[in-house]
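Student: sequence and computational prediction follow.
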Amino acid sequence: NGFGTGGWWNFGGILREVYARRIDTIDIDDVHVLPRLRRVGQAAKVEVRTYLRNMTSKAREVDLVLAVDGQRVVLGGKEIPGDGTRILTETITIKRPRLWQPGQPELYPMTVAVDEGRERRAVYRLRFGVRKLQTARGGLMLLNGRPLDLRGASIHEDDKDEGGALSQATRRLLVSRLRDLGATVTRSHYPLHPAFIEAFDRYGILYWVDAPVYQIPNSLFNERGVRFAANRAVEQTVRNNLNHPSIMTWALANEPAGSRGELGIVGAGLARFVESSAKAVRELDDTRFVSIDRQSRVGEPLTSSIYRHLDVLGVNEYFGWYDSY
């Protein structure tokens with residue numbers, strides 16, 4: 001009917017603020033920070049990937065300066081080709097890391113700068129957290145070596161007056177309600193506004209985020225173009241939100257092939273999507289869980305071969321809520 005079928009649209013138009021920023025001759029497109037703990041109690045190895053862009057036609061030689069936890073690391077004499085890009089990667093050691101977790105959400109500020117001679121061309125600031133997520137026997141999820149104790153509620157960017165373009169006041173209200181619940185986890189069907197995720201980082205609320213791949217049937221997953229778009233949505237979800245320690249899992253899709261007629265049967269196209277997307281996610285980020293969210297129905301298979309590509313599984317139950325079977 002032209003208005004969607006779920007009361008909201010995934011990324012339906014520009015619903016958020018738009019900013020313009022000044023760019024010099026060298027730009028920092030993005031910075032990805034991946035802290036890794038081999039064991040809790042040991043030093044953390046923090047991988048920093050910096051994406052640089054040369055805005056001129058002439059090759060430029062620059063120094064990359066990283067500052068975190070009292071350390072200053074300089075990668076000197078790095079050339080960026082004219083009208084080109086370059087990714088610079090460095091690993092920094094934090095000997096006694098303060099771990100991020102609900103109740104103690106420790107955050108580290110980091111500054112990444114680009115210098116050309118005595119001129120500072122670009123600066124990128126962010127915050128990250130050090131923590132270790134893993135699975136254990138018996139279906140346990142562990143955070144920093146301890147079983148997760150999760151409780152919380154889901155969030156939609158939807159308001160009867162503001163629609164999907166939520167104000168700061170409404171965002172603060174929703175986060176305050178989570179905190180009043182004593183929530184240690186929240187979930188959404190799509191990546192929330194960055195201010196939400198930054199609040200989860202600050203307040204120690206774990207976040208189960210779904211890529212905006214929503215209720216696509218098997219017949220469409222069999223289309224190459226649909227799989228391409230779905231894979232891109234997953235990869236962009238990871239790239240845009242990688243630095244947030246609150247994010248615990250990258251969910252590849254919400255309720256794929258979940259219609260009444262399909263009853264959880266996984267077709268060839270969906271299987272290919274899950275396998276390829278899970279691989280792509282782990283190449284970008286090997287520190288979090290990979291998952292999908294399935295709609296549960298009476299009579300569907302209890303398991304699937306695609307689950308071998310996942311770390312955890314989200315199960316959505318509607319019994320007693322919606323008409324279901």
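Tutor: That came in fine, so what should we check first?

Student: run through the bridge partners of W250.
Tutor: V209, V290 (DSSP bridges).

Student: neighbours of it, how many?
Tutor: 28 (other Cβ atoms under 10 Å). (C-beta placed from N, C-alpha, C; glycine too.)

Student: pretty sure it is touching W208, no?
Tutor: No - contact status for W250 versus W208: not in contact, 9.2 Å apart, counting by Cβ atoms under 8 Å.

Student: what's the overlap in contacts for the two?
Tutor: The contact sets of W250 and W208 overlap at S291 (Cβ atoms under 8 Å, 6 or more residues apart in numbering).

Student: who's in contact with A195?
Tutor: With Cβ under 8 Å, 6+ apart, A195 has these contacts: Q168, R171.

Student: so it sits in a helix?
Tutor: Yes - assessed with DSSP: H, G, I helix; E, B strand; the rest coil, A195 lies in a helix.

Student: what about A59, how many residues nearby?
Tutor: 12.

Student: which residues touch it?
Tutor: A59 neighbours (Cβ under 8 Å, 6+ apart): E79, I80, P81, G82.

Student: quick one: secondary structure of the closest residue to the first one other than its chain neighbours?
Tutor: Among residues not flanking E79 along the chain, E61 sits closest, at 5.1 Å (Cβ to Cβ, 6 or more residues apart in numbering). What three-state DSSP gives for E61 is strand.

Student: list the residues that contact E61.
Tutor: Contacts of E61 by Cβ under 8 Å, 6+ apart are G77, K78, E79, I80, E116.

Student: which SSE is I92 in?
Tutor: Using DSSP states H and E, I92 falls within strand 85-94.

Student: against which helices or strands is that strand packed?
Tutor: strand 44-54, strand 60-68, strand 71-80 (3 or more Cβ pairs under 8 Å, 6 or more residues apart in numbering; DSSP states H and E).

Student: just the helices in the stretch 201-325 of the chain please.
Tutor: 218-221, 224-241, 268-284 (DSSP state H, counting those that start in this stretch).

Student: and those as CSV, adding distance to V48 and mean neighbour count?
Tutor: Formatted as CSV, those follow (distance: least, Cβ to Cβ, whole Å; neighbours: other Cβ atoms under 10 Å):
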stretch, distance to V48, mean neighbour count
helix 218-221, 36, 18
helix 224-241, 15, 17
helix 268-284, 14, 19
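
Student: which strand residues bridge the residue nearest to Q134 when sequence neighbours are not counted?
Tutor: In space, Q134 comes closest to L142 once its chain neighbours are excluded; the distance is 5.0 Å by Cβ to Cβ, 6+ apart. Under the criterion DSSP bridges, L142 forms beta bridges with Q134, P147.

Student: was I right to think L142 contacts D149?
Tutor: No - look at L142 against D149 with Cβ under 8 Å: they stay out of range, at 11.1 Å.
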